[in-house]
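Novice: Based on what follows, work out the 3D shape:
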Amino acid sequence: MSKPCARLHSFFTKTAANTIKPKFPKVPKTREVPKVPKPTKISEIQIPIFPKQQPLIALANNQVINKGVRELLDERDTQKLVEKFNFLSPNKYFRQKYKIYDYIIHRLVLANQISLVEDTLESQKEYINGEGFAARIMYLYGKAGLFDHARKLFDELPQRGLEQNAKTFNALLVAAYHCEDFDKVYELFRELPSKLSIKPSTGCYNVAAQALCKLGLIDEAVSLLDKMEHNGVKPCVITYNTLLGVIYEKGEFDEGEKLWERMIKSGVVPSVISYDFKLHRLVKDGKISEARELFMELETSGIKPNAGSYNALILGACKNDDLDEVRRWYNELLNDGCAPNKATLNTIIPFLCDKVDYGLVFQVCKRMFRRQCTVDESLLQKVVDALAKNSMMKEAEILVGLGKSNSYHPYNLVLPPTGIMGYFSSSLVTKFIC
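Specialist: Residues are numbered from 1 along each chain as shown. Below is the predicted model of the structure:
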């Protein structure tokens, strides 16, 4: 074969070999998905993680946790309650729901299950990864009356690689306060900061001030303001409200005014609680018109009144024996979106009964059941008796039914006897009383 023919032969054989391929159908490549073992705990749920899927993963976790929380809140057996709580605890999303922790400990304390409280909080220590969670556990120990456990955890913080700082120190003070060991609160406040090189925060000073007020040491509590300013710690409105509350309650209105003026000069804006303390003091002193003026000042300052603000004016109207004013302030309380509380009811119900305004008192009591607010059973029975006596038996029956069916706080209300039996019953009662 000549050389040109050989080169051409070589060219065509290589081209054919490189280009001609068998025509088989293309098989798409499949991505192998790793098998995920069936989780035994919520914390072990694993989802393939890709950057764009992060929000979906968080949503899936929250849905699982929310379902577990609903089951937890529906549980009535305390032992099973703790078991479900421990089952959910390994999940970090669950541990962020600090209100659930408060609820669980509160339930156990009400059931007098202190040993379960100890076991539950002890098991939570393995999840302590910062001062915030440690502070929460100390706070809960205090709510359960277990201050020694809170102090032990505080002392262990350095061994856990955590700081004994203002946050954890404040939690320790709050734990002692909840245990009503007010002397211990002030003792810790005086001794530990210098010993452990802790600079107390405003919150620490607030707890110390509250403890001193509980001990009746008002002057010492007020003197903390000077110490705060000397140490470069700025008082807040809670600091001043703590002091204003006890000073006005003692009837020392002039001293309260001095403290109010100091609060304004320090740049602290009064809150609705500040105004409430002052309003109630004015009403108790019989200065009803001045209380109304202060209420107007509260509204014009842009602060929304609360139930306590209206309660002061309702009490003032009752003191003045002014039924129209009582109705006015009660209606304004409702129109302003405030919910009547126990103080409202204990003030307005006896007054309306004395004024024979049974239509309004019936509406007030019905609303009380809807708001899950409680009053003394004897007060409600007085309303039922008055309604029945004044030919409002249907309304009396409604209140009795609402009282018995109220799952939040059932009332054993009874309808008074009517007709001839009622006559003989009342005669016998009168006879025995005379």
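
Novice: Measure how buried L81 is and give me the count.
Specialist: Neighbour count for L81, taken as other Cβ atoms under 10 Å: 22. Every residue, glycine included, has its C-beta placed from N, CA and C.

Novice: what's near enough to touch it?
Specialist: L72, E75, I104, R107, L108 (Cβ atoms under 8 Å, 6 or more residues apart in numbering).

Novice: Can you tell me the element V117 falls in?
Specialist: If you go by DSSP states H and E, V117 is part of helix 114-124.

Novice: scratch that, K258 is what I was asking about
Specialist: With DSSP H and E as the criterion, K258 is inside helix 253-265.

Novice: Can you mark which positions in that helix are buried?
Specialist: By 16 or more other Cβ atoms under 10 Å, the buried positions in helix 253-265 come out as E255, G256, L259, W260, M263.

Novice: okay, these in a markdown table with distance to I100 and pLDDT next?
Specialist: Listed next are the buried residues of helix 253-265 as a markdown table, based on distance: Cβ to Cβ, whole Å; pLDDT from 0 to 100:
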| residue | distance to I100 | pLDDT |
| --- | --- | --- |
| E255 | 43 | 96 |
| G256 | 39 | 97 |
| L259 | 38 | 97 |
| W260 | 39 | 98 |
| M263 | 36 | 97 |
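
Novice: Can you pick out the most distant pair from the residues you listed?
Specialist: Largest separation among the buried residues of helix 253-265 by Cβ to Cβ: E255 and M263, giving 12.8 Å.

Novice: thinking again about what came up before, please put the alpha-carbon coordinates of the helix holding K258 into PDB.
Specialist: Taking Å, rounded to 0.1, in the frame of the first residue of the first chain, the C-alpha atoms of helix 253-265 are listed here in PDB:
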ATOM      1  CA  PHE A 253     -47.000  61.600 100.000                       C
ATOM      2  CA  ASP A 254     -44.500  64.400 100.300                       C
ATOM      3  CA  GLU A 255     -41.600  62.000 100.400                       C
ATOM      4  CA  GLY A 256     -43.000  60.300  97.300                       C
ATOM      5  CA  GLU A 257     -43.100  63.600  95.500                       C
ATOM      6  CA  LYS A 258     -39.500  64.300  96.300                       C
ATOM      7  CA  LEU A 259     -38.600  60.900  94.800                       C
ATOM      8  CA  TRP A 260     -40.800  61.600  91.800                       C
ATOM      9  CA  GLU A 261     -39.000  64.800  91.200                       C
ATOM     10  CA  ARG A 262     -35.600  63.000  91.500                       C
ATOM     11  CA  MET A 263     -36.800  60.500  88.900                       C
ATOM     12  CA  ILE A 264     -37.700  63.100  86.400                       C
ATOM     13  CA  LYS A 265     -34.400  65.000  86.900                       C
END
